[in-house]
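> Next comes the sequence, and after it the predicted model I'd like to discuss.
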Amino acid sequence: MLLDTSEQNVRGSSSIIGFFDEGGRGPEGFDRYLTVAGEKAFHIGNICGTCSFFFERLGGANQSVDVEAIVDHLNTGITKLGPPVIPALALIVPDGKYKVLLQEIHPHLVKPGESADYFIDEQVAL
């Protein structure tokens with residue numbers, strides 16, 4: 001169930017997290033990276049629409065980011081987006097435009113081979 005959604009524009013962030021594109025094809029680079037303090041920390045894929053998804057940890061992933069404030073807010077439970085959650089998130093992410101979504105979900109365990117298994121059901125249908 002969708003509880004709330006909001007578009008936010010973060011400016012003047014002092015976050016050590018960033019995004020970096022490099023390589024050819026168009027105005028954006030082919031490969032995409034998550035950076036920490038300016039160093040490539042994770043290779044988060046590329047712009048290829050038919051390539052497999054991957055997420056690779058790199059040498060720059062040697063620092064952590066303090067997320068304690070947002071964790072505390074989420075652990076107490078929230079029912080709408082706004083203060084104090086959005087300002088706490090804005091401290092973590094780099095400058096940019098973000099769509100923030102608050103959604104209620106009920107995860108459940110799916111065992112390999114069961115009818116709800118993606119590889120048995122949806123992937124075969126595709």
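Sure thing, it's come through.

> so what's residue 4 up against?
Each residue near residue 4 by CB atoms under 8 Å, 6 or more residues apart in numbering is listed here: 79-81, 101-102. All C-beta atoms are positioned from the backbone trio N, CA, C, and that covers glycine.

> Type out the PyMOL command that picks the buried ones from those.
Remark: buried members of the contacts of residue 4, expressed as a PyMOL selection using 16 or more other CB atoms under 10 Å:
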select buried, resi 81+102
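
> and the contacts of residue 4, which two are the farthest apart?
Greatest spatial distance among the contacts of residue 4 (CB to CB): 79 and 101, at 13.8 Å.

> picking that back up, could you export the contacts of residue 4 to TSV, including columns for pLDDT and secondary structure?
TSV is the format used below for the contacts of residue 4 (pLDDT from 0 to 100; DSSP: H, G, I helix; E, B strand; the rest coil):
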residue	pLDDT	secondary structure
79	86	coil
80	86	coil
81	86	coil
101	89	strand
102	88	strand
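
> And the contacts of residue 4, which is closest to residue 66?
Out of these, the member with the shortest distance to residue 66 (by CB to CB) is residue 81, at 21.1 Å.

> need the next SSE after the longest helix seen in the chain, C-terminal direction.
Ordering each helix of the chain by length in residues (DSSP state H) puts helix 68-76 first. Per DSSP states H and E, the first helix or strand lying C-terminal to helix 68-76 is helix 85-90.

> got the buried residues for that next one?
85-86, 88-90.
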